[in-house]
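Enquirer: Any chance you could fold what I've pasted below:
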Amino acid sequence: MVTLHIEHAISDFSTWKQAFDQFADMRRSSGVLRHRVHRPSDDDRYVLIDLDFDTRDEATKFLEFLTTRVWSTPANAPALVGTPHTRLLQLVEQS
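Expert: Residues are numbered from 1 along each chain as shown. Prediction:
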């Protein structure tokens, strides 16, 4: 399993969540198996998202979609502040 880990500042969680939910079908069709959304307990204007994929290729392709089609268009990412930080993570151990 490969996880696309994304972190970024937001201007408003409700606005961000509404935009995030609009891409649910695209996440499914792109191979996202499950997702997790976290918010720091001391910062309500920041989100951390983990998207799980079977393969690195699926995760890489979806990151390209996010970069070129979502984050580059203010209408698709209305609450995004700045540039998201991303990492591809390989699961090594789980208990």
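Enquirer: which of the residues in stretch 57-75 are buried?
Expert: Residues of stretch 57-75 classed as buried: 58-59, 62-63, 66, 70-71 (neighbour count, 16 or more other Cβ atoms under 10 Å). Any C-beta I mention is one placed from the backbone N, CA and C, and that applies to glycine too.
Enquirer: Over to stretch 80-90?
Expert: Quick answer for stretch 80-90 (16+ other Cβ under 10 Å): 80, 84, 86.
Enquirer: would you put the C-alpha positions of that stretch in CSV?
Expert: Taking Å, rounded to 0.1, in the frame of the first residue of the first chain, the C-alpha atoms of stretch 80-90 are listed here in CSV:
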residue,chain,number,x,y,z
LEU,A,80,-6.4,26.5,-0.3
VAL,A,81,-3.8,28.8,1.1
GLY,A,82,-0.3,28.5,-0.4
THR,A,83,1.2,25.4,-1.9
PRO,A,84,0.4,21.9,-0.5
HIS,A,85,3.2,19.8,0.8
THR,A,86,3.1,16.2,-0.4
ARG,A,87,4.9,12.9,0.2
LEU,A,88,4.4,9.4,-1.0
LEU,A,89,4.6,7.0,1.9
GLN,A,90,5.2,3.2,1.8
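Enquirer: picking up where we left off before, using CSV, lay out the buried residues of stretch 57-75 together with pLDDT, secondary structure and distance to M1.
Expert: Below are the buried residues of stretch 57-75 laid out as CSV (pLDDT from 0 to 100; DSSP: H, G, I helix; E, B strand; the rest coil; distance: Cβ to Cβ, whole Å):
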residue, pLDDT, secondary structure, distance to M1
E58, 98, helix, 11
A59, 98, helix, 10
F62, 98, helix, 14
L63, 98, helix, 16
L66, 98, helix, 19
V70, 97, helix, 23
W71, 97, coil, 24
